[in-house]
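Enquirer: let me see the structure of the following:
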Amino acid sequence: PRGGHCACGPAKPVPRPLLGKIAPTVAHCVSLPAPRGGRCACGPAKPVPRPLLAWRFPVLLPLPPGEGWGEGSALGVNTPTLARFASLSFPALRPLPLPGTRRSAGLMMTATRILAIRHGETNWNADTRIQGQLDIPLNEVGHAQAARMAQALAGEPVAAVYASDLSRAWETARYLGQATGLAVSPEPALRERAFGDFEGRTFAEIESALPEQARRLRQRDPHFTPHGGESLVMLRDRVVAAAERLAAGHAGELIALVAHGGVMDVLYRAATRLDIEAPRTWVLANTAINRMLWSPGGFSLVGWGDVRHLGSETLDDGLSPSRKPDQSGDTPTFP
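Expert: As a prediction, the model looks like this:
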């Protein structure tokens, strides 16, 4: 950005690279490991200590207020999201301090690490039936998924577990609470989107009976509100406000938010600065472990869709994600 700096000095113009080629181009400027002999706009790439595997701050952090904020949204970029780098707009950014520096220690003390986890499977997930805020419990597969997720996270220093008070999320969170020795705190603001009259119906039934409403739902009209339900804008405002409030109360700590597909979708968009109406291309798997970071500058994405705890079982036993993210039964996004 105009007037921006990286570790090498004043930023210089760099031709927009192909999306798939951007990581080597900016490797030095954003403190990412570069191929041996690689170069960036500032000169030859230099060795960078390998970051911690489990928790890594976004490569670029927004400048604090009063230190050169520009126009547009603040952005945190990490390795999985570098492919989006050339298509996003952002203000002046500073490189991430290396581990062990005074600056990085200060950030670690003030930022909140977040585990965002979708509930385990329900029978309505399997039927692609919209649950919304109806209280549908986990099925046998969902309980097995939740137990494995909790086992995978048992060794992490979780300070608090918050969950939607709908039973499918609450039951999932209880497994994590037992594994970490923590009581689960109910948070109604983390409930799924309210779909009103759509709840209890399959996607196909809605398309057949209400084609115009199905079209608006399919196209992610941000202001479309099913009768008795919420719009995408209403959902986003509710979820982001709740997540920010909870994260602000745990500066420097790790917390878990156990909720629903629609909530996970909102958090992903908040961390990547994607519009609420943009088509969804990422997975919202049951009990996937998603890692984020929150600071007063906003959310940043650290890692998404980790389902290694579900193993390599066949699709028949249901322990591996077997359905497309747009057929979750929570927040439909039609193909």
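
Enquirer: going forward, measure contacts between C-alpha atoms and count neighbours the same way
Expert: Will do.

Enquirer: make sure Thr287 is actually in contact with Gly120.
Expert: Yes. Checked against C-alpha atoms under 8 Å, the pair Thr287 and Gly120 is within contact range at 5.3 Å.

Enquirer: any residues in contact with both of these two?
Expert: Shared contacts of Thr287 and Gly120, defined by C-alpha atoms under 8 Å, 6 or more residues apart in numbering, are found at Gln145, Ala146.

Enquirer: all helices for this structure, in order.
Expert: 22-26, 102-110, 123-126, 140-153, 167-180, 203-209, 211-218, 232-248, 261-272 (DSSP state H).

Enquirer: quick one: buried residues of the fifth one?
Expert: By neighbour count, with 16 or more other C-alpha atoms under 10 Å as the criterion, the buried positions of helix 167-180 are 167-177, 179-180.

Enquirer: could you give the angle of that helix to helix 140-153?
Expert: When axes from the mean of the first three to the mean of the last three C-alpha atoms, to 10 degrees is applied, the directions of helix 167-180 and helix 140-153 differ by 30 degrees.

Enquirer: list the contacts of helix 167-180.
Expert: Around helix 167-180, the neighbours that count as contacts under C-alpha under 8 Å, 6+ apart are 118-120, 122, 135-138, 142-143, 146-147, 149-151, 153-156, 158, 161-164, 183-184, 186, 258-260.

Enquirer: can you name every helix or strand that whichever strand in the chain runs longest contacts?
Expert: Assignment by DSSP state E gives strand 298-306 as the longest strand of the chain. Under the contact criterion of 3 or more C-alpha pairs under 8 Å, 6 or more residues apart in numbering; DSSP states H and E, strand 298-306 touches helix 261-272, strand 289-295.

Enquirer: packing partners of the shortest one?
Expert: In terms of contact count using 3+ C-alpha pairs under 8 Å, 6+ apart, strand 289-295 is assigned the packing partners strand 112-118, helix 232-248, strand 298-306.

Enquirer: pick the most deeply packed of these.
Expert: Neighbour counts averaged per stretch over the helices and strands packed on strand 289-295 are highest for strand 112-118, at a mean of 26; criterion: mean count of other C-alpha atoms under 10 Å.

Enquirer: which secondary structure elements does it contact?
Expert: In this structure, strand 112-118 makes packing contacts with helix 232-248, strand 254-259, helix 261-272, strand 289-295, judged by 3+ C-alpha pairs under 8 Å, 6+ apart.

Enquirer: sorry, back to before: the helices of the chain: which one's closest to Trp294?
Expert: Taking C-alpha to C-alpha as the measure, the helices of the chain were each checked against Trp294, and helix 232-248 came out nearest at 6.6 Å.

Enquirer: show me what the closest one is in contact with.
Expert: For helix 232-248, the external contacting residues (C-alpha under 8 Å, 6+ apart) are 112-114, 189-190, 193, 220-225, 255, 263, 266-267, 270, 276, 294-296.

Enquirer: list buried residues within those.
Expert: Neighbour counting by 16+ other C-alpha under 10 Å classes 112-114, 189-190, 193, 220-222, 224-225, 255, 263, 266-267, 270, 276, 294-295 among the contacts of helix 232-248 as buried.

Enquirer: next, count neighbours for the spatially closest residue to Glu187 that is not a sequence neighbour.
Expert: Once its chain neighbours are removed from consideration, Glu187 has its nearest residue in Ser164; the separation is 5.1 Å (C-alpha to C-alpha, 6 or more residues apart in numbering). Look at Ser164: counted by other C-alpha atoms under 10 Å, it has 26 neighbours.

Enquirer: pretty sure Ser164 is touching Arg191, no?
Expert: Yes. Here Ser164 lies in contact with Arg191, judged by C-alpha under 8 Å, at a distance of 5.0 Å.

Enquirer: which neighbours do those two share?
Expert: Joint contacts of Ser164 and Arg191 (C-alpha under 8 Å, 6+ apart) are Ala259, His260.

Enquirer: lowest-scoring secondary structure element of this structure by mean pLDDT?
Expert: helix 22-26 (a mean of 34; mean pLDDT, DSSP states H and E).
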